[in-house]
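[1] sequence and computational prediction follow.
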Amino acid sequence: MNKKFIVLITVCLLFNSYLTFAEIAKGEFSVGLNYPGIAARYFFSNKISTEIKYQAENDIFVVGLRNYYYFSSKIKYVLFTGLEYDFVSFKSKTSESNGFASELFIGGEYFFY
């Protein structure tokens, strides 16, 4: 595995570890990893946050913005819903294109502590 990628994962986990043991709070900032990309999230309040994400793979590029609404912010698991808006670009041997995509989502996070 690429050494830069391992260092990036380690730094992100160390930077993000303090959120694992705390409740969601206004003014918090987190960095996350997704395959194959990275994201940064800011909490405007205990219930609302915004995340910017970047993903890239061979001839595929996605950059987007996610807005989250948290149903509860003081328990070990947190349920949320939100809206995502992305710019997508791809190129293959037979076609290429770019455009915008949006989605509604619902999910949850579980904190280990």
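    Received, thanks.
[2] for this protein, which helix or strand comes out least confident on mean pLDDT?
    Here the helix or strand of the chain ranked lowest by mean pLDDT, DSSP states H and E is helix 3-20, holding a mean of 55.
[3] any idea of the mean pLDDT in whichever helix or strand comes after that one?
    Reading on from helix 3-20 to the C-terminus, the next helix or strand found by DSSP states H and E is strand 29-34. Average pLDDT, strand 29-34: 84.
[4] also stretch 104-113?
    Averaged across stretch 104-113, the pLDDT comes to 81.
[5] ok, stretch 80-87 next?
    95.
[6] also stretch 47-56?
    Computed over stretch 47-56, the mean pLDDT rounds to 92.
[7] again with stretch 60-68
    94.
[8] for Glu96, what are its contacts?
    Glu96 makes contact with Phe90 under the criterion Cβ atoms under 8 Å, 6 or more residues apart in numbering. Backbone N, C-alpha and C define where each C-beta goes, glycine included.
[9] so what sits opposite it in the bridge?
    Beta-bridge pairing for Glu96 (DSSP bridges): Lys91.
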